[in-house]
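Novice: structure of the sequence below:
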Amino acid sequence: QVQLQESGPGLVQPSQTLSLTCSVSGGSLTTNYYFWSWIRQPPGKGLEWIGYIGYSGDTYYSPSLKSRTSISRDTSKNQFTLQLSSVTPEDTAVYYCARTRAASPQYDYWGQGTQVTVSS
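Specialist: Next up is the predicted model:
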């Protein structure tokens, strides 16, 4: 059973960098054909995909967030990290990490989500 757990500060000041970590158990970040994503849901809105890091370490980001986003991983800890720079209150959301397999339209495992509020 794969488990994902998000962690990080719940409050970030405007213009600062949001940093979240997803800790994975029961599965490896380097297992072939799996992709590890960050997804968010602002209050009252739908899910928004932020980006992923793949099993080979490749990354791909949403075009709308690409200039502010970086996803990295620590394979020794089986963790991957989201950094979102220059945040504004519009980045307030519940942030999720999730796993999908290549060519699959669905995420098979999700973290429980973590609330991040951008406010001074």
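
Novice: strands of the protein, residue ranges please.
Specialist: Counting by DSSP state E, the chain has strands at residues 3-7, 11-12, 18-25, 34-41, 48-54, 59-61, 69-74, 79-84, 93-101, 107-110, 114-118.

Novice: strand partners (parallel or antiparallel) of the first one?
Specialist: The partner list of strand 3-7 in its sheet, established with DSSP bridges, is strand 18-25 (antiparallel).

Novice: please apply the same query to the fifth one.
Specialist: Pairing partners of strand 48-54, with direction, according to DSSP bridges: strand 34-41 (antiparallel), strand 59-61 (antiparallel).

Novice: what are the buried residues along it?
Specialist: For strand 48-54, the neighbour count (16 or more other Cβ atoms under 10 Å) marks 49-54 as buried. C-betas here are computed from N, CA, C, even on glycine.

Novice: let's have the strands of the chain in CSV, adding mean pLDDT.
Specialist: Converted to CSV, the strands of the chain look like this (pLDDT from 0 to 100):
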stretch, mean pLDDT
strand 3-7, 98
strand 11-12, 98
strand 18-25, 98
strand 34-41, 97
strand 48-54, 97
strand 59-61, 97
strand 69-74, 98
strand 79-84, 98
strand 93-101, 97
strand 107-110, 96
strand 114-118, 98
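
Novice: ok so, going back, which of the buried residues of strand 48-54 lies closest to Pro42?
Specialist: Ile50 (11.8 Å; Cβ to Cβ).

Novice: grab the most central residue of the chain for me.
Specialist: Trp38 (2.4 Å; Cα atoms, centre = their mean).

Novice: I figured it hits Gly51, correct?
Specialist: Yes - counting by Cβ atoms under 8 Å, Trp38 does reach Gly51; the two are 5.9 Å apart.

Novice: residues that sit against both of those two, list them.
Specialist: Common neighbours of Trp38 and Gly51 (criterion: Cβ atoms under 8 Å, 6 or more residues apart in numbering): 71, 82.

Novice: contact partners for the residue nearest to Glu48 when sequence neighbours are not counted?
Specialist: Spatial nearest neighbour of Glu48, excluding adjacent residues (Cβ to Cβ, 6 or more residues apart in numbering): Arg40 at 5.3 Å. Taking Cβ under 8 Å, 6+ apart, we find Arg40 in contact with 47-48, 50, 93-96.
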